[in-house]
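Q: Next one to model:
(2 chains)
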Amino acid sequence: MSSSPALLRFLSHALLDDKQRQHCSNLTYTDAGHGFDVFGLSPDWVQGMFALFQPLYQHYFRVESHGIEHIPKTGAAILAANHSGMLPIDGTMIYCDVLHNTHPARIPRPVTDHFVPSLPLISTLYARCGTVGGSRGNVQALLSRGELLLIFPEGVPGISKPFRERYQLRPFRVGVIEMAVRHRVPIIPVAVIGAEEQFPLRTQVPLKLFGAPFLPISPIPVPLPVRYHIHYGAPIPVYEGTSEADADNPQITKAGAARVQQAVQALIEEGLRTRKGIFQ
Amino acid sequence: MSAALITGATTPVGVAIAKQLLSDRVFAHIIAVGAEPFSEVSALFPSASVTYLQADLTHSRELRNLLFEPAVTHRVTTVIHTALHRSAQRSGQHVHQLNVESTRELLRICEQHPTIRRFLLRSHSEIYRVRAVEPEILDERHPIDLSPDRPQWMRDRAEADLITCAAMAVSPLQIVVLRCAECLVPDTGSQLFDYLCSQVCLQPLGFDPMLNVLSLPDLARAFSLAAAADQQGVFNIVGKDTLPLSTLIADWGRLRIPIPSTLLGPLYWLRSKTTGTDFRYDLNRFRFHFSSIMDGTLAAQRLHYTPQVPAF
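A: Numbering: from 1, shown residues only, chains lettered A, B, ... in the order given. Okay, the predicted model is just below:
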């Protein structure tokens, strides 16, 4: 998959208005020399994919953003969100939302599960848009570069939970806290409302293709046009009162994970209480 | 000023390092060691500051003669070991002898030497383990690929590197291992260079990993800085160019054809058998799927090395 600049330019011109193009034209990234950062992110691809997903973001899921001001304009931070909906559409909508609503536009760097880099085409597409594999080394490298990370601390159990258990968080993994404490970065809790209902009927085939834990199946071929509400909470300085060495302390990381999970759960409950309906 | 001894000196890497060391005045004299007779390589070393010696490093006696006669006479203080078998198609005991056993023996003799104090090894980025689960940025602590199914080309390089690293703890020598990114130059054992020699480059469908390539001047400068610095350790030597494989192929002016990964091995095996080329897909399979970029921070901090010259 080469950079295909002509196709990306076409997408941008066809699907973005002048204001949106201007907004995305000055994306900041660390160029490693050929228009890509070391992880393979390309601003052309970010803009092209943003253009491609813009109709979904604006017109299909009609995303409503709440509390975007909690995302710092610069410097490292971690967005910790609930994960749901069988397919990672929630991650895509957060990605679009952050790009759309931050000024200057910040590129969130989603952190995926280990199997994603093994997926043909998807791995490359994700990398061009800024996604990285979920290894400690990658996360450390990004945080030390002052990037904004998007992590789903529930992992695969979050996205694969049955419909009847919607909006019930799976236990948060402690790795995100370890990184936040070690690098002294705040965690911004994020709640995604709507994604749980996009595939009400779903099942999983235990077929491990390219290392993926299961093959998601739904009788509904496309997600329902639910309205997404994305709520960003106030940054949680989980590193306060700790030293960098405490990143290895299981008690501190467990307590931090519970604190962040509580904050996300509170945002979810607030979001569910204030929304008027699944499609509104 | 003291002198240095360079093994593998007749390769483009060896020649570039010798010239750089002399131009930077790190050493007053260089003993260049190669396998070829002087008559074949005399044009490479016109300077009076270079003494060329032919030696077979797989013979322990020749190594001793080399180090305890001319090296003592010229008061050699530093050995720069770059000699490795370049062909990935060749394997067996003799290749292992040159790649691994000569490194071990050279280290041992240097430890007993009256004037030699420093040992520099040219190692390779290819020895790092590259998998989907591994970080894409590889620092010096990144795991080495010791899988038993890897080709000898890689296992030998890993073993030579680890022998030298292990010696750091016990040897009286000051040891430096420079794990260099791939240098796209002929006759250096570069798999990527051989891959790019073909007019058509086949690439795994759906994968476009990031690569880092190093220029010959940067590689030589890194050795010069390492030779001059009072440092011991392992350092990643990165190049100025970090780019996707597809961009590298395009910039090299080649036609890129993505095909399913399973076909690449047999096709490149056929290519090497019919045209005698060196590129082996099994050797490069993982890094043709997953990004692997070395982190050069440590070399920048302690050797003051940063890449300056584009590789192509």
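Q: Report pLDDT for residue 266.
A: As the question left the chain open, I've gone with chain A. Note on A:Ala266: pLDDT of 97.
Q: wrong chain, I was asking about chain B
A: Note for B:Pro266: predicted pLDDT of 96.
Q: Chain A contacts on chain B?
A: Taking Cβ under 8 Å from any Cβ of the partner chain as the contact definition, chain B meets chain A at B:132-139, B:142, B:204-210, B:240-244, B:246-247, B:250-251, B:256, B:258, B:289-291, B:293, B:295, B:310. For glycine as for every other residue, the C-beta is placed from the backbone atoms N, C-alpha and C.
Q: Which of the residues you listed fall in strands?
A: Mapping the residues of chain B next to chain A onto strands (DSSP state E) picks out B:137-138, B:204, B:210, B:241-244, B:256, B:258, B:293.
Q: which one of the residues you listed sits closest to B:Met1?
A: Each of these was checked against B:Met1 using Cβ to Cβ; the closest is B:Asp241, at 34.0 Å.
Q: Buried ones only from the ones in strands among the residues of chain B next to chain A, please, as a PyMOL command.
A: Buried members of these, defined by 16 or more other Cβ atoms under 10 Å in any protein chain shown, are picked up in PyMOL with:
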select buried, chain B and resi 137+138+204+210+241+242+243+244+256+258+293
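Q: Reformat the ones in strands among the residues of chain B next to chain A as CSV; add pLDDT and distance to B:Gln93.
A: Shown next, in CSV, are those (pLDDT from 0 to 100; distance: Cβ to Cβ, whole Å):
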residue, pLDDT, distance to B:Gln93
B:Ile137, 96, 37
B:Leu138, 97, 31
B:Pro204, 97, 33
B:Met210, 97, 37
B:Asp241, 96, 37
B:Thr242, 97, 38
B:Leu243, 97, 38
B:Pro244, 97, 39
B:Arg256, 97, 38
B:Pro258, 97, 39
B:Ile293, 97, 35
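Q: And the strands in the stretch 51-200 of chain A?
A: Using DSSP state E, counting those that start in this stretch, the strands of the stretch 51-200 of chain A run over A:64-66, A:77-81, A:108-112, A:132-133, A:148-151, A:187-193.
Q: Let me have those strands in JSON lines, adding mean pLDDT as columns.
A: Formatted as JSON lines, those follow (pLDDT from 0 to 100):
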{"stretch": "strand A:64-66", "mean pLDDT": "97"}
{"stretch": "strand A:77-81", "mean pLDDT": "98"}
{"stretch": "strand A:108-112", "mean pLDDT": "97"}
{"stretch": "strand A:132-133", "mean pLDDT": "95"}
{"stretch": "strand A:148-151", "mean pLDDT": "98"}
{"stretch": "strand A:187-193", "mean pLDDT": "98"}
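Q: Give the burial count for whichever residue of the stretch 151-300 of chain B sits closest to chain A, as a bare number.
A: Across the stretch 151-300 of chain B, no residue is closer to chain A than B:Gly206, which sits at 2.6 Å (Cβ to the nearest Cβ). Residues lying near B:Gly206 (other Cβ atoms under 10 Å in any protein chain shown) number 18.
Q: Same check on A:Leu142?
A: Residues within reach of A:Leu142, counting by other Cβ under 10 Å, total 24.
Q: before we move on, what about the one 4 residues further on?
A: Using other Cβ under 10 Å, the number of residues around A:Gly146 comes to 15.
Q: Pull the number of nearby residues for the residue lying closest to it once chain neighbours are set aside.
A: Leaving aside its sequence neighbours, A:Gly146 sits nearest to A:Ala76 (Cβ to Cβ, 6 or more residues apart in numbering or on different chains; 4.8 Å). Using other Cβ under 10 Å, A:Ala76 is surrounded by 19 other residues.
Q: wait, the residue of the stretch 151-300 of chain B closest to chain A sits on A:Leu125?
A: No: if you go by Cβ atoms under 8 Å, B:Gly206 and A:Leu125 don't touch, sitting 9.2 Å apart.
Q: before we move on, the earlier item: can you redo the strands of the stretch 51-200 of chain A as TSV with mean neighbour count?
A: Output for the strands of the stretch 51-200 of chain A, formatted as TSV (neighbours: other Cβ atoms under 10 Å in any protein chain shown):
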stretch	mean neighbour count
strand A:64-66	17
strand A:77-81	26
strand A:108-112	24
strand A:132-133	28
strand A:148-151	24
strand A:187-193	27
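Q: Contact distance from chain B - what residues of chain A qualify?
A: A:1-3, A:32-34, A:36, A:38-40, A:114-124, A:127, A:132-133, A:135-138, A:140-141, A:211.
Q: Which ones among those map onto helices?
A: Taking DSSP state H as the definition of helices, the residues of chain A next to chain B contribute A:122-124, A:127, A:136-138, A:140-141.
Q: mind checking the SS state of B:Leu57?
A: Here B:Leu57 is recorded as coil under DSSP: H, G, I helix; E, B strand; the rest coil.
Q: so it touches B:Leu67, yeah?
A: No: using Cβ under 8 Å, B:Leu57 is not in contact with B:Leu67; the gap is 10.8 Å.
Q: sorry, back to before: distance of the residue nearest to A:Gly146 from chain B?
A: 15 Å (Cβ to the nearest Cβ, to the nearest Å).
Q: can you tell me the helix or strand for B:Val72?
A: helix B:70-73 (DSSP states H and E).
Q: element containing A:Arg21, please.
A: helix A:18-25.
Q: Give me the helices and strands touching that helix, please.
A: Judged by 3 or more Cβ pairs under 8 Å, 6 or more residues apart in numbering or on different chains; DSSP states H and E, helix A:18-25 is in contact with helix A:5-15, helix A:43-55, helix A:89-101.
Q: Give the buried residues for that helix.
A: Neighbour counts using 16+ other Cβ under 10 Å place A:20, A:23-24 of helix A:18-25 among the buried residues.
Q: report the angle between the axes of it and helix A:43-55?
A: Helix A:18-25 runs at 140 degrees relative to helix A:43-55, counting by axes from the mean of the first three to the mean of the last three Cα atoms, to 10 degrees.
Q: CA-only coordinates of helix A:18-25 in CSV, if you can.
A: Extracted in CSV, the C-alpha atoms of helix A:18-25 (Å, rounded to 0.1, in the frame of the first residue of the first chain):
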residue,chain,number,x,y,z
ASP,A,18,-12.9,24.0,2.7
LYS,A,19,-13.1,24.6,6.5
GLN,A,20,-12.5,20.9,7.2
ARG,A,21,-9.7,20.6,4.7
GLN,A,22,-8.1,23.7,6.2
HIS,A,23,-8.5,22.2,9.7
CYS,A,24,-6.8,19.0,8.7
SER,A,25,-4.1,20.5,6.5
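Q: how far away is B:Asp24 from chain A?
A: Counting by Cβ to the nearest Cβ, the gap from B:Asp24 to chain A is 25 Å.
Q: got the contact list for that residue?
A: Counting by Cβ atoms under 8 Å, 6 or more residues apart in numbering or on different chains, B:Asp24 touches B:224, B:228.
Q: what does the one 5 residues further on give?
A: By Cβ under 8 Å, 6+ apart, B:His29 lies in contact with B:1, B:3-4, B:49-51, B:74.
Q: same check, this time on A:Phe163
A: With contact taken as Cβ under 8 Å, 6+ apart, A:Phe163 is in contact with A:196, A:199-202.
Q: out of these, which are buried?
A: Among these, the ones that count as buried by 16+ other Cβ under 10 Å are A:196, A:199-200, A:202.
Q: re earlier: what's the closest of the contacts of B:His29 to A:Tyr60?
A: Out of those, the member with the shortest distance to A:Tyr60 (by Cβ to Cβ) is B:Ala4, at 66.8 Å.
Q: can you confirm that closest one is in a strand?
A: Yes: under three-state DSSP, B:Ala4 sits within a strand.
Q: Looking at strand pairing, list the partners for it.
A: On the basis of DSSP bridges, B:Ala4 is bridged to B:Ile30, B:Thr78.
Q: quick one: A:Ile278 and A:Arg227 touch, right?
A: Yes: between A:Ile278 and A:Arg227 there is a contact under Cβ under 8 Å: 7.3 Å.
Q: Next, show the common contact partners of those two.
A: A:Gly194.
Q: Look at these two and report which has more neighbours.
A: Applying other Cβ under 10 Å to A:Ile278 and A:Arg227 shows that A:Arg227 carries more neighbours, namely 18 against 15.
Q: Nothing else from me, thank you.
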